[in-house]
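> Need coordinates for the following:
(one chain, ligands or ions: 2)
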Amino acid sequence: MKTDTVSLLDIQRLNKSFGDKPVLKNVDVNVEQGKTLVIVGPSGSGKSTLLRCMNLLEPIESGVITFEGRDIATPEARREAWRFRQEMAMVFQHFELFPHLSVIDNIMLAPVKIKGVPKAQARQKALELLERVRIPDKANAWPEELSGGQQQRVAIARALAMEPRVMLFDEPTSALDPEMIKEVLDVMTELSDQGMTSVVVTHEMSFARRAAHRVVFMADGEVVENLPTDQFFGGEVKPRTRQFLDQIL
Ligand code: ADP
Ligand code: MG
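Ligands and ions are numbered 1, 2, ... in the order given. A predicted model of the protein is given here:
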């Protein structure tokens, strides 16, 4: 098996507080090129905050965030946060589509407005992406006409339209009715299989088993466990991790 890996996004000794409450404590996380990292942990453990720090949506107190070999957490790099953010697409629990734009316009907006992609080209790409997320017939629908699962797949297509280097998913299926969860996870699994670098915060352990290369377990702002998927689910884990797994499996 090939074992050489390239780090795309590397977090080292990251510390962050809200007020006087530390929410990330010396967090080390490494995201390898082409791999899927799943982050699990109880509510309030700092998962969303970690994703927001990765995406430079939150200031940090100390630590290093290296993206493609460059420290992006320095004040100078932060001034170009918009540039890095284009390379790191985020998909949220609540899809946050633009309600006044059709599905295809939702997907075309950023490539046309931010990247200056010609409209015809952006439209062609958007149609391809709608095929990829398995709703090719919804281009001209309005977001409110779609099910939650379809809206989330549009949100994924919209994120992919910017051709990011990494996709950050924050509990993308938590707001969905059970029967719609699979259709979204299937699309994410396919992306993972195709080598899209992904960081996924989720409680869906079947997805983690199937798609993750590594699993990180966080509790109280700390990385408790960081293991290859097989070891995480099959091997020796710390008591705190075992307790969490026993609760949800
Ligand atoms: P998770 O995503 O694992 O549920 P979060 O990253 O959302 O955890 O939150 C971690 C901790 O930080 C929680 O105690 C939460 O209440 C707190 N927190 C998150 N966002 C803010 C904020 N903007 N202001 C103050 N506290 C916050
Ligand atoms: Mg969260």
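> From the centre of the chain, give me the residue that's furthest out.
residue 120 (28.4 Å; Cα atoms, centre = their mean).
> Just want the residue of this structure that's nearest ligand 2.
Nearest residue of the chain to ligand 2 (Cβ to the ion) works out as residue 48 at 3.2 Å. For the C-beta atoms, the positions are set from N, CA and C on the backbone; glycine is no exception.
> For burial, what's the neighbour tally of that residue?
Using other Cβ atoms under 10 Å, residue 48 is surrounded by 19 other residues.
> ok, now the one 4 residues further on?
Residue 52 sits with 16 neighbouring residues when counted by other Cβ under 10 Å.
> And the one 4 residues further on, by the same measure?
Number of residues near residue 56 (other Cβ under 10 Å) recorded here: 21.
> give me phi/psi at it?
Dihedral pair for residue 56: phi 60, psi 30, per degrees, to the nearest 10.
> That one: what's it in contact with?
Counting by Cβ atoms under 8 Å, 6 or more residues apart in numbering, residue 56 makes contact with 65, 72-73, 78, 81, 84-85.
> if we go to 6 Å?
Residue 56 is in contact with residue 81, counting by Cβ atoms under 6 Å, 6 or more residues apart in numbering.
> quick one, strands of this structure?
Using DSSP state E, the strands assigned to the chain run over residues 7-18, 21-32, 36-40, 62-67, 70-71, 88-91, 166-170, 197-201, 214-219, 222-228.
> Need the contact partners of the first one.
Taking contacts as Cβ under 6 Å, 6+ apart, the residues outside strand 7-18 that touch it are 23-24, 26-33, 60-67, 166, 197.
> Show me the shaky parts of the chain.
For the chain, applying pLDDT under 70 flags the ranges 1-4.
> From ligand 1, how far out is the spatially most central residue of the chain?
What sits nearest the mean C-alpha location of the chain, by Cα atoms, centre = their mean, is residue 168, with 1.6 Å. Here residue 168 is placed at a distance of 12 Å from ligand 1 (Cβ to the nearest ligand atom, to the nearest Å).
> Am I right that the residue of the chain closest to ligand 2 is in contact with residue 168?
No. Counting by Cβ atoms under 6 Å, residue 168 is not a contact partner of residue 48; they are 10.1 Å apart.
> What residues does the protein have near ligand 1?
Counting by Cβ under 6 Å from any ligand atom, the residues of the chain close to ligand 1 are 18, 23, 41, 43-49.
> nearest to residue 101, of these?
residue 48 (25.9 Å; Cβ to Cβ).
> For the closest one, give me its contacts.
Neighbour list for residue 48: residue 170 [criterion: Cβ under 6 Å, 6+ apart].
> if we go to 7 Å?
170, 201 (Cβ atoms under 7 Å, 6 or more residues apart in numbering).
> what residues does this structure put near ligand 2?
By Cβ under 5 Å from the ion, the residues of the chain that approach ligand 2 are 47-48.
> now the helices for the chain?
Assigned by DSSP state H, the chain shows helices spanning 47-54, 75-78, 81-87, 103-113, 119-132, 148-160, 178-193, 205-211, 229-234, 239-248.
> Out of the ones you listed, which gets nearest to residue 140?
Evaluated with Cβ to Cβ, the helices of the chain place helix 103-113 nearest to residue 140, the distance being 6.6 Å.
> Show me what the closest one is packed against.
Applying 3 or more Cβ pairs under 7 Å, 6 or more residues apart in numbering; DSSP states H and E, we find helix 103-113 packed against helix 119-132, helix 148-160.
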